[in-house]
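S.K.: here is a sequence with its predicted model. Questions after.
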Amino acid sequence: PPRQQPVGRVPLYPGHIPTSPLQKALLAAGSACAALWDPYRHDMVAVLGETTGCLALPKLRDRMRNDPEGYRILQERPRIRLSTLDMARLRGLPDGTLGREYVRFLEDNKVSPDTRMPAKFVDDEELAYVIQRYREVHDLMHTLLGMPTNMLGEVVVKWFEAVQTGLPMCVLGAAFGPVRLNVRKLQVLATELVPWAVRSGRNASCVLNVYYEQRWEQSVESLREEIGIFPPPAVRV
């Protein structure tokens, strides 16, 4: 007779891999080591986010449910991918608009929204979307915060996201990311960039409650003001 699937081990969405608490703990430990060794291992950072986000993700989901724009995002489930973006239209928007600056960020840093990993280890279909959305707006955080994708820029964005989301993965990245920075960069980070990122993260409304796809024509400056992100300090990153 065919082997019965153990109860609770049935995939809940395409790509879902059901795992036990012990398996999650092992995955978290392994991915944390790999991500700290090489912070550019986005696959390991992704696994770490999914296996340690069990407390933070429901809180983020509730913040989205309790906000009109966030609730609409949860209902409509928009995705930020090359297949859903009209890159030519965004490229044609005026300088300073979110759409134009987002495309500029992607081109300057040679990154693509399609490199974001789909969720696999989150045992709830709606929470899997929440972490997917967090990943897909990460480059928009860089755009709004005016930070490049070098190590210093990533650490600053992680501090902002750690305060905003409470995700352990962001906290780890914020805490351990600086170990690879030189003394001058550490000084700038400690005296200027981290205080600004933490103040902005605390002051800002939940960044997952912004329907970015409907804000492409809004200026980065006015969106920053609306969300509550303070203007970036005038230092080279």
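M.R.: Perfect, thanks for sending it. What you are looking at is a predicted structure, and each value in this text was computed from that prediction instead of being measured. Residues are numbered from 1 along each chain as shown.
S.K.: could you use CA atoms for every contact and neighbour count after this?
M.R.: Fine.
S.K.: residues contacting whichever helix in the chain runs longest, please?
M.R.: In the chain, assigned by DSSP state H, the helix with the most residues is helix 21-37. Contacts made with helix 21-37 from outside it, assessed by CA atoms under 8 Å, 6 or more residues apart in numbering, are listed as Arg41, His42, Met44, Val45, Val47, Leu48, Thr51, Thr52, Gly173, Phe176, Gly177.
S.K.: most neighbours of all the residues you listed, which one?
M.R.: When neighbours are counted by other CA atoms under 10 Å, Leu48 leads those with 28 neighbours.
S.K.: report all helices and strands that the helix or strand containing it contacts.
M.R.: Here Leu48, judged by DSSP states H and E, is contained in helix 42-52. In terms of contacts (3 or more CA pairs under 8 Å, 6 or more residues apart in numbering; DSSP states H and E), helix 42-52 is packed against helix 21-37, helix 168-176.
S.K.: in CSV: these, plus distance to Ile80 and mean pLDDT.
M.R.: Below are the helices and strands packed on helix 42-52 laid out as CSV (distance: least, CA to CA, whole Å; pLDDT from 0 to 100):
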stretch, distance to Ile80, mean pLDDT
helix 21-37, 24, 90
helix 168-176, 21, 91
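S.K.: quick one: closest of those helices to Arg77.
M.R.: Relative to Arg77, the nearest member of these by CA to CA is helix 168-176, separated by 23.1 Å.
S.K.: roughly how far is the closest one from the heart of the chain?
M.R.: In terms of CA atoms, centre = their mean, to the nearest Å, the gap separating the centre of helix 168-176 from the centre of its chain is 12 Å.
S.K.: what residues sit buried inside it?
M.R.: Residues Pro168, Met169, Cys170, Val171, Leu172, Gly173, Ala174 are the ones in helix 168-176 that count as buried (16 or more other CA atoms under 10 Å).
S.K.: same thing with stretch 117-128?
M.R.: Applying a neighbour-count criterion of 16+ other CA under 10 Å, the buried positions in stretch 117-128 are Met117, Pro118, Ala119, Lys120, Phe121, Val122, Asp123, Asp124, Glu126, Leu127, Ala128.
S.K.: in helices, which of the residues you listed fall?
M.R.: Glu126, Leu127, Ala128.
S.K.: tell me the contacts of the first one?
M.R.: Yep, that's Glu126 we're talking about. Glu126 is in contact with Leu74, counting by CA under 8 Å, 6+ apart.
S.K.: if you set the cut-off to 10 Å instead, what comes out?
M.R.: With contact taken as CA atoms under 10 Å, 6 or more residues apart in numbering, Glu126 is in contact with Leu12, Tyr13, Leu57, Pro58, Arg61, Leu74, Gln75, Arg77, Gln132.
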